[in-house]
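**Q** model the structure of this input:
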Amino acid sequence: MAMGKVRGRRAATTIPAGDVVKVVSDPAEEPVMVDVLWNGRPFMVFTGDLKEHAEELPESFDPFPRRPGSGRKHINNRLLKC
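**A** Presented below is the predicted three-dimensional model:
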């Protein structure tokens, strides 16, 4: 399950199997939720869901390259296939 803005409103949504997310927060402290980019948009996802359902992808596969000057620091940059 992911939490974020859908059609301009905060909502819970399901990331479809096979979609790719990019972890952009530091999950080192084992938080309950982590920040991800999904389809280039920010969402929060339960850490347990990612551990249970996602697989890590190589760095060379990056559908969401960081734009220069975006101001957003991608701390983790791990790519996961859900």
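**Q** only C-alpha atoms for contact and neighbour calcs from this point on.
**A** OK.
**Q** and stretch 32-43, how far apart are its ends?
**A** Terminal residues of stretch 32-43 are spaced 14 Å apart (Cα to Cα, to the nearest Å).
**Q** quick check: residue 50 vs residue 7, distance?
**A** Distance of residue 50 to residue 7, given as Cα to Cα: 24 Å.
**Q** what does residue 53 give?
**A** Computed as Cα to Cα, the residue 53 to residue 7 distance reads 26 Å.
**Q** test my guess that residue 46 contacts residue 12.
**A** No: contact criterion Cα atoms under 8 Å: residue 46 and residue 12 do not qualify, at 11.3 Å.
**Q** what touches both of those two?
**A** 1, 2 (Cα atoms under 8 Å, 6 or more residues apart in numbering).
**Q** what about stretch 2-12, average pLDDT?
**A** Mean per-residue pLDDT for stretch 2-12: 85.
**Q** buried residues in it?
**A** Buried residues in stretch 2-12, counted by 16 or more other Cα atoms under 10 Å: 2, 3, 4.
**Q** would you turn those into CSV with secondary structure and distance to residue 81?
**A** What follows is these, written out as CSV (DSSP: H, G, I helix; E, B strand; the rest coil; distance: Cα to Cα, whole Å):
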residue, secondary structure, distance to residue 81
2, strand, 14
3, strand, 17
4, strand, 19
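**Q** mind putting these in JSON lines, distance to residue 37 included?
**A** Converted to JSON lines, the buried residues of stretch 2-12 look like this (distance: Cα to Cα, whole Å):
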{"residue": "2", "distance to residue 37": "10"}
{"residue": "3", "distance to residue 37": "11"}
{"residue": "4", "distance to residue 37": "10"}
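**Q** among those residues, which one lies nearest to residue 20?
**A** residue 2 (12.7 Å; Cα to Cα).
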